[in-house]
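> Structure, please.
(2 chains)
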Amino acid sequence: MGGRQLLAAVNPAAAAKGLAPGMPLADALSFLPGLTTRPVERTEDAAALRRLAEWCGRYSPWTAPDHQPNGGNDGVKIEVAGSAHLWGGEAALVADLSQRLARQGIGHRLAIADTLGAAWAVARYASDETASGPICCKSAVKTVNFIIAPDGAREALAPLPVAALRLDPAIVQGLHRVGLRRIGDIMAMPRDALARRFGEDVTRRVDQALGDLPEPLSPLGEVPTRRVRLSFAEPIADPTDLARAAERLAQDLVTRLAREGLGTRRLDLGFHRVDGRVERIRIGTARPSRDPHHLAKLLTGKLDSVDPGLGIEDMILAAFAVETLPPEQLQSLALLKPGPHPNPPPLTGEGVGNRPRLKRTPSPACGGGLGWGSTLAPLFDRIGARLGLDAITRLEFRESHIPERVSVAMPIEVGCRHSPQPSPVATGEGARRVSGGREGAGTLLAPQKPPRPVRLFAPPEPIEAFWVLPDDPPFHFTWRRRTHRVAQADGPERIAEEWWQPDGQLIAGAPNAIRDYYRVEDETGRRFWLFRAGLPGDPPPRWFVHGLFA
Amino acid sequence: MPSVAHLDDLRDRIRRIERPNAPRQGVLPFGVAALDAALPGGGLALGALHEILGAGGDEEDCAASAGFAAAIAGRLAADDSLQKQRQAAGDGLVLWCLKHDDLYGPGLAAHGLDPARIVIVRAARDDDILWALEEGLRTPRSLGGIAAVIGEVGRLPMVAGRRLQLAAERSGVVALLLRRWRTGSQAAAERARPSAAVTRWRIASLSSVPEAGEPEPTGPIGQPRWRVELLRCRGGEAAAWTMEVADAAGLVRLPAELADRPAAARRLAAEAAIWQAAG
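Below is the predicted model of the structure:
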């Protein structure tokens, strides 16, 4: 700051010698000449904190890094209200978390309280004597844990300094100046006076810490709808073990989904490594699914992208985008009997694997008409798992004068959710005429009077064109460094701006509200779709190749 | 003609000896006597891999060959003989795997392929495209669903081609490969490479005015035509025809002035030989 170098953080040994964050480096060196220093890497710190928060996702999906921009006081927030019972209570959860952190060499202070504010304050400012468990100090990793009993927040907060209220340093100084040093002092003051003097912040923070004001935690990632977890007594790293675990998780998840009549379209399988990193596999399906065999196959197909490191101690399978699933697939899961603790049937053999899945009737949402039946959903899922679901599109017909807006590529998921519309170019009736053979020839062309190209370039490619008369097509043009002499030409077909559309510009940055299209044939027989952007005159119009005819 | 039937029977027997496990798949006739006569079985073999090449400057863009492929795929997708099964499994879709999504629905519809039946898969690499095609070929034709798969690839290793051919044989689905080449050297190298495909076609746009017509600039475009060359055909012979481009029903036909004249086809075949000799 201002060229002065300050200490950003100190280790316990240095703190014991009287060093503190914020101290000028020169002073610190005069105290301790042998001091080892490293430049601060804030982005690295933030990334490490984020990784830690992600790892903490094993305790709850509601997890977020608590990064303080001015350094110091960083932490991780975890909402354990709904998940502590899975660990056998808050004390057991704290013990497990503390043990695992210590194993990673992370010194820590943990606090569980009714409110985020109280936990924040206690974890950072409570004196070690009030700790709930034994203070463990072995191997230079100091761990202190607090569990504040329900309704004990007021009592726990009272002796803490006002800085524990997450206030602006300026406000803290102001409070100190009038002699308010402890939170208990503030709680005893009349609220109006406090708010008038120091702003709403002080009372708001007190209310939040005491639970009088809600304080939602915005989690790191999207919070899944359903989540299943598998922990291993010993870390595993063998790919076959991982695959078996993935299958088991898929089975567990499917059992839950089946009980609720749901299917998922997006899965996230997290691998929590021993060293605190989290590897992930994400898959998506074109239609909601709860076919354990299919989901497990999609997951295991991507296992080779997972680096197990020294071993994986937890796997968490989370389902996003959960939708109700039509009952047709329920029959296929008749084997999965919902029970208190389902024992997954073997994935091979006479179980789910050999189901006569092809006899399913199409679901009303996606089957029939021009949608795809259930036979094709697994195909699209396999392709989507390798290339991404957004790589699969369908051409949708739109009513428009602008050529490139007539045929729009739509992601396949969207196409599934709406009931598929036969395109007006070839409606159901028209399609039958096509199949009818010769007598239907030409009928489909009726709504598309001027011929349209097979390939359309987006954006149109500029060409160098030469023409004689302003209204004529060019007599020769150069496209992709090749010159074409125009032998025949049809046109022009004038296509004007859709002025009623808000984003009216046809080609970015060109004042070309009008296009004159020509179908031209060069001397070799190739047929191009050219257009002139703008009216002939000054400035000279520009020419483009927009498409190619078959 | 008994001799033709006899020949077909012989071919079938040889095929059975070569591939005892492959089910008999049938053919899709083009409906043009000259064309169907050149193909064993009287039409485009179903459950097989077919290569379609562009010509000249169109090798890079494959516009004419896309029209030809669309015509074939469109007729397969709308095939009446499979309608019943499809009612259970959804309609016949065409899986079109490519690198650059430059297909234009209305243009494809004009050659007989309803755009609503196309599912486009975009991939950056040839390998991924070939993989996606093979996945598409795993659904048997008798179940409906996929009516045809079309892939646009530059490089086609022999192994990949064979895999596709085998997958197509098993499922009975037609696989069409549009060979789209970026550079002339790549085109030359790939063209010389042997391939596992049953047929290899080359489709070129032909000038729409008959040779006799004087090259008057900016005259209107007449009936567009293709030069359809069958470069290679397993169990058949190379041949070439001049045809009108596929119409909205996906049907090609001989130009009006040449149709019903047996001599014309022979003359065109002779022309084709000259074309081929020229490269």
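
> pLDDT of the helix or strand hosting A:Ala243, averaged?
Element membership for A:Ala243, per DSSP states H and E: helix A:239-260. Helix A:239-260 comes out with an average pLDDT of 88.

> Can you give the distance of that helix from its chain's centre?
How far helix A:239-260 lies from its chain's middle: 22 Å, per Cα atoms, centre = their mean, to the nearest Å.

> How about stretch A:398-414?
On Cα atoms, centre = their mean, the centre of stretch A:398-414 falls 26 Å from the chain's centre.

> Grab the CA positions of it and hand them over as CSV.
Presented in CSV, the C-alpha positions along stretch A:398-414 are these (Å, rounded to 0.1, in the frame of the first residue of the first chain):
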residue,chain,number,x,y,z
ARG,A,398,-39.8,-20.5,-38.7
GLU,A,399,-42.0,-18.1,-40.5
SER,A,400,-39.7,-15.4,-41.8
HIS,A,401,-38.7,-13.6,-45.0
ILE,A,402,-35.0,-13.6,-44.0
PRO,A,403,-33.5,-16.7,-45.4
GLU,A,404,-31.3,-17.5,-42.5
ARG,A,405,-34.2,-17.2,-40.1
VAL,A,406,-36.4,-19.7,-41.9
SER,A,407,-34.4,-22.7,-40.8
VAL,A,408,-33.2,-22.6,-37.2
ALA,A,409,-31.1,-25.2,-35.4
MET,A,410,-32.7,-26.0,-32.1
PRO,A,411,-31.1,-28.0,-29.3
ILE,A,412,-32.7,-31.5,-29.2
GLU,A,413,-33.8,-31.2,-25.6
VAL,A,414,-36.0,-28.2,-26.4
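
> Which residues belonging to it are considered buried?
For stretch A:398-414, the neighbour count (16 or more other Cβ atoms under 10 Å in any protein chain shown) marks A:Pro403, A:Glu404, A:Val406, A:Ser407, A:Ala409, A:Ile412, A:Glu413 as buried. Every residue, glycine included, has its C-beta placed from N, CA and C.

> Now A:Thr300. Nearest residue, chain neighbours left out?
Excluding the flanking residues, the one nearest A:Thr300 by Cβ to Cβ, 6 or more residues apart in numbering or on different chains is A:Ala243, at 4.5 Å.

> count of residues packed around the closest residue to chain B within chain A?
Chain B sits closest to A:Ala550 of chain A, with a gap of 2.3 Å, by Cβ to the nearest Cβ. A:Ala550 is flanked by 28 other residues according to other Cβ atoms under 10 Å in any protein chain shown.

> next one: A:Val202
By other Cβ under 10 Å, 24 other residues sit near A:Val202.

> on that earlier part again, please identify which helix or strand holds the residue nearest to the residue of chain A closest to chain B when sequence neighbours are not counted.
In space, A:Ala550 comes closest to B:Gly67 once its chain neighbours are excluded; the distance is 2.3 Å by Cβ to Cβ, 6+ apart. Assignment of secondary structure by DSSP H and E places B:Gly67 within helix B:63-77.

> can you pull the buried residues of that helix?
Residues of helix B:63-77 classed as buried under the neighbour-count rule (16+ other Cβ under 10 Å) are B:63-77.

> of all those, which comes closest to chain A?
B:Gly67 (2.3 Å).

> wait, doesn't that closest one sit right on B:Glu244?
No. Here B:Gly67 lies out of contact with B:Glu244, judged by Cβ atoms under 8 Å, at a distance of 11.5 Å.

> list residues touching both of these two?
B:Trp226 (Cβ atoms under 8 Å, 6 or more residues apart in numbering or on different chains).

> can you list the residues of the stretch 451-550 of chain A near chain B?
When proximity is defined as Cβ under 8 Å from any Cβ of the partner chain, the stretch 451-550 of chain A approaches chain B at A:451-458, A:472-473, A:475, A:482, A:486-490, A:519-521, A:523-527, A:547-550.

> Are any of those residues buried, and if so which?
Among these, those classed as buried by 16+ other Cβ under 10 Å are A:451-457, A:472-473, A:475, A:486-490, A:519-521, A:524-527, A:547-550.

> how about the nearest residue to A:Leu25, chain neighbours excluded?
Residue nearest to A:Leu25 in three dimensions, not counting chain neighbours: A:Gln5, with 3.9 Å by Cβ to Cβ, 6+ apart.

> how about the strands in chain B?
Taking DSSP state E to define them, one finds strands in chain B at B:27-28, B:44-45, B:49-53, B:93-98, B:118-122, B:146-153, B:174-179, B:199-206, B:225-233, B:239-244.

> which stretch among these comes nearest A:Ser98?
With Cβ to Cβ, the closest approach to A:Ser98 among those belongs to strand B:118-122: 49.0 Å.

> now for that closest one, which elements pack on it?
If you count contacts as 3 or more Cβ pairs under 8 Å, 6 or more residues apart in numbering or on different chains; DSSP states H and E, strand B:118-122 packs onto helix A:377-387, strand A:392-397, strand B:93-98.

> what about the nearest residue to B:Leu39 once chain neighbours are set aside, how many residues close to it?
Residue nearest to B:Leu39 in three dimensions, not counting chain neighbours: B:Gly236, with 5.6 Å by Cβ to Cβ, 6+ apart. B:Gly236 has 17 neighbours, counted by other Cβ under 10 Å.

> Could you list the buried residues of stretch A:156-173?
The neighbour-count check on stretch A:156-173 (16+ other Cβ under 10 Å) flags A:Ala156, A:Leu157, A:Leu160, A:Val162, A:Ala163, A:Ala164, A:Leu165, A:Arg166, A:Leu167, A:Ile171, A:Val172 as buried.

> Give the helix, strand or coil label for the last one.
Pointing back at A:Val172 there. For A:Val172, the assignment made with DSSP: H, G, I helix; E, B strand; the rest coil gives helix.

> thought it was touching A:Arg166?
No. Counting by Cβ under 8 Å, A:Val172 stays clear of A:Arg166, with 10.0 Å between them.
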